[in-house]
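> make a model of this:
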Amino acid sequence: MQRIVDVHFPGLKKALLTQALEVFFGLRDIPGLKKKPSTSELIDWLKLLVAEDIPPEALHATDGKAVIPPLHGALLKNEQDVHLFERLMFMARHNR
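Next up is the predicted model:
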């Protein structure tokens with residue numbers, strides 16, 4: 001996957017790519033999603049992250065609590081999937 005991203009973003013910061021891939025593959029592992037994020041959604045999301053100058057730290061929580069990644073709607077194209085993900089993050093955050 002990293003090689004595919006490198007073609008589209010040759011100068012992408014390694015820390016941002018590492019965190020973005022972690023979020024991407026984590027989303028793909030969520031049971032119950034109607035449409036798991038594809039490579040196309042990852043590329044679209046990375047474009048937004050770069051355009052908005054989102055730092056890698058914004059993609060994960062340092063306090064151990066679940067965090068909703070910025071611009072996550074670009075990864076989840078189905079509205080039901082967005083709501084499911086947000087509910088799961090809300091529950092995870094309050095169960096810690």
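
> point out where the protein drops to low pLDDT.
Scanning the chain for pLDDT under 70 picks out the ranges 62-66, 96.

> quick one, helices of it?
Taking DSSP state H, the helices of the chain run over residues 2-8, 14-28, 39-51, 79-94.

> okay if I get those helices as a markdown table plus distance to Gly73 and mean neighbour count?
For the C-beta atoms, the positions are set from N, CA and C on the backbone; glycine is no exception. As requested, the helices of the chain are arranged in a markdown table below (distance: least, Cβ to Cβ, whole Å; neighbours: other Cβ atoms under 10 Å):
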| stretch | distance to Gly73 | mean neighbour count |
| --- | --- | --- |
| helix 2-8 | 20 | 11 |
| helix 14-28 | 12 | 16 |
| helix 39-51 | 9 | 17 |
| helix 79-94 | 6 | 14 |
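
> which one of these lies nearest to Val67?
Closest approach to Val67 among the helices of the chain (Cβ to Cβ): helix 79-94, 7.3 Å.

> in terms of secondary structure, what does the closest one contact?
For helix 79-94, there is no helix or strand it packs on, judged by 3 or more Cβ pairs under 8 Å, 6 or more residues apart in numbering; DSSP states H and E.

> and the gap between the spatially closest residue to Ile43 that is not a sequence neighbour and Lys34?
Spatial nearest neighbour of Ile43, chain neighbours left out: His8 (5.4 Å); criterion: Cβ to Cβ, 6 or more residues apart in numbering. From His8 across to Lys34, the span is 26 Å (Cβ to Cβ, to the nearest Å).

> now swap in Ala74 and tell me
Ala74 is 16 Å from Lys34, where distance means Cβ to Cβ.

> then Glu86?
Computed as Cβ to Cβ, the Glu86 to Lys34 distance reads 15 Å.

> with Leu17 instead?
Separation of Leu17 from Lys34 (Cβ to Cβ): 27 Å.

> who has more neighbours out of Ala74 and Lys34?
Ranked by neighbour count (other Cβ atoms under 10 Å), Ala74 and Lys34 place Ala74 first, with 18 against 11.

> quick one: contacts for that one?
Shown in contact with Ala74 (Cβ atoms under 8 Å, 6 or more residues apart in numbering): 41, 44-45, 48.
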